[in-house]
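Undergrad: After the sequence you'll find the predicted model.
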Amino acid sequence: MKLSRITTPRSTHHRPVVLAVALLSAAIPHQAALAALPQQSLVPGGVALIAVGDGKEPAPTVTFAGKRVLTTTQDGKWIAVLGLPLSTKPGRVSVDVQALGGSRDQHSVVVEDKKYVEQRLKVAPGQVDLAPQDLERVDVEQKRIRESLGSFSPVLPATFSLQPPVSGPRSSSYGLRRVFNGQPRAPHSGMDIAAALGTPILAPADGKVLDSGEFFFNGGTVFIDHGSGFVTMYCHLSQTDVKPGDVVRAGQIIGKVGATGRVTGPHLHFGVTLNGALVDPALFLPPP
Ligand SMILES: [Zn+2]
């Protein structure tokens with residue numbers, strides 16, 4: 001087991017590292033574009049950049065917890081861009097690396113602990129326990145959401161550097177652990193951006209719409225695939241301007257800010273996944 005770790009120089013801490021995608025793999029079609037790696041953050045909910053092979057060799061197939069991991073090149077090396085799930089336990093985390101020639105290897109990084117803020121709320125009991133028919137609906141929707149967020153298309157993203165989908169104050173509530181009436185609920189897995197009802201939401205990068213629809217908790221929702229498991233999601237929309245299969249360009253309007261689903265007011269919930277893990281969107285955005 002090799003320990004490989006790429007550290008981001010401090011000077012570029014908040015700026016994505018620009019690299020040229022020069023080498024192409026058999027699995028990933030030609031894409032002569034500049035890509036910027038996300039900021040590395042070796043904590044649960046962060047992103048690990050792991051060197052997984054010589055860039056002169058064909059791209060290895062990298063997997064983590066059974067899921068394909070995005071692989072790109074930088075400085076003559078293959079780099080796995082691994083999304084670390086919020087549920088990651090601190091310690092050594094390994095990816096499986098399968099070379100085209102057949103050799104198999106593991107590469108690992110050490111993930112540090114991060115104590116996300118806990119929010120304890122007291123609400124009316126009916127707001128915590130769902131009615132059976134709502135539970136059933138949520139169950140079906142969770143599968144549909146997982147399908148979009150866990151998809152892996154054989155194209156490389158044009159970039160990892162995202163434009164803010166709406167301008168507005170961003171909450172730093174990613175990872176917030178929510179406890180309702182003493183019962184722990186799923187942590188907050190995205191970024192909330194405050195914006196007025198009807199504010200246009202712009203695609204933060206080129207991509208293809210995977211799914212859209214009305215969801216119980218998330219309200220009007222759009223999922224965009226940017227390639228190789230890099231997927232973004234937009235929730236609580238009052239209006240959706242795209243449909244599944246649409247190709248979108250960076251800056252194109254995909255919908256409008258709303259307050260649909262379970263919310264207390266209009267805002268955009270913005271989620272970003274790598275290898276099916278919802279990671280901190282701030283790692284892909286310019287500083288606020
Ligand atoms: Zn949110």
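TA: Sure thing, it's come through.

Undergrad: Could you check how far the host helix or strand of residue 272 is from the centre of its chain?
TA: Secondary structure from DSSP states H and E places residue 272 in strand 267-274. On the basis of CA atoms, centre = their mean, to the nearest Å, strand 267-274 is displaced by 7 Å from the centre of the chain it belongs to.

Undergrad: ok, the residue of the chain found nearest the ion - contacts?
TA: Closest to the ion within the chain is residue 269: 3.5 Å, counting by CB to the ion. From N, CA and C alone the C-beta is placed, and that goes for glycine too. With contacts defined as CB atoms under 8 Å, 6 or more residues apart in numbering, residue 269 is in contact with 190, 191, 192, 218, 233, 234, 235, 236.

Undergrad: out of the residues you listed, who's near the ion?
TA: residue 192 (CB under 5 Å from the ion).

Undergrad: Among the contacts of residue 269, which ones are in strands?
TA: Assigned to strands by DSSP state E, the following of these qualify: 191, 192, 233, 234, 235, 236.

Undergrad: who wins for most neighbours among these?
TA: Counting neighbours by other CB atoms under 10 Å, residue 234 leads those with 28 neighbours.

Undergrad: quick one: pLDDT of that one?
TA: At residue 234 the predicted local distance difference test score is 98.

Undergrad: Bridge partners for it, pull those for me.
TA: residue 222, residue 270 (DSSP bridges).

Undergrad: So it versus residue 286, what's the distance?
TA: Note on residue 234: its distance to residue 286, by CB to CB, to the nearest Å, is 18 Å.

Undergrad: Check residue 230 too.
TA: Computed as CB to CB, the residue 230 to residue 286 distance reads 17 Å.

Undergrad: what does residue 225 give?
TA: Relative to residue 286, residue 225 is positioned 22 Å away (CB to CB).

Undergrad: Of those two, give the one with the bigger neighbour count.
TA: The neighbour comparison of residue 225 against residue 286 (other CB under 10 Å) goes to residue 225, with 23 against 12.

Undergrad: wait, doesn't the more buried one sit right on residue 207?
TA: Yes - contact between residue 225 and residue 207 holds when scored by CB atoms under 8 Å: they sit 5.5 Å apart.

Undergrad: How about the residues of the stretch 51-200 of the chain by the ion?
TA: So the stretch 51-200 of the chain meets the ion at residue 192 (CB under 5 Å from the ion).

Undergrad: Repeat the analysis, applying 6 Å as the threshold.
TA: With CB under 6 Å from the ion as the criterion, the stretch 51-200 of the chain meets the ion at residues 188, 190, 192.

Undergrad: Secondary structure class of the first one, three-state.
TA: The local conformation at residue 188, judged by DSSP: H, G, I helix; E, B strand; the rest coil, is coil.

Undergrad: Report the mean per-residue pLDDT for stretch 197-210.
TA: In this model, stretch 197-210 has an average pLDDT of 98.

Undergrad: tell me how far the ends of that stretch are from each other?
TA: In terms of CA to CA, to the nearest Å, the two terminal residues of stretch 197-210 are separated by 24 Å.

Undergrad: Quick check: buried residues in it?
TA: 199, 201, 202, 203, 204, 205, 206, 207, 208, 209, 210 (16 or more other CB atoms under 10 Å).

Undergrad: quick one: the helices in the stretch 1-150 of the chain?
TA: Secondary structure of the stretch 1-150 of the chain by DSSP state H, counting those that start in this stretch: the helices cover 132-149.

Undergrad: shaky segments in it?
TA: Per-residue confidence for the stretch 1-150 of the chain (pLDDT under 70) gives these ranges: 1-35, 126-127.

Undergrad: 90 instead, please
TA: Counting by pLDDT under 90, the stretch 1-150 of the chain has low-confidence residues at 1-37, 39, 55-56, 74-75, 100-102, 119, 121-131.

Undergrad: which stretches of it form strands?
TA: If DSSP state E, counting those that start in this stretch is used as the criterion, the strands of the stretch 1-150 of the chain fall at 2-3, 17-20, 34-37, 47-54, 61-64, 67-68, 70-74, 77-83, 91-98, 104-111, 118-121.
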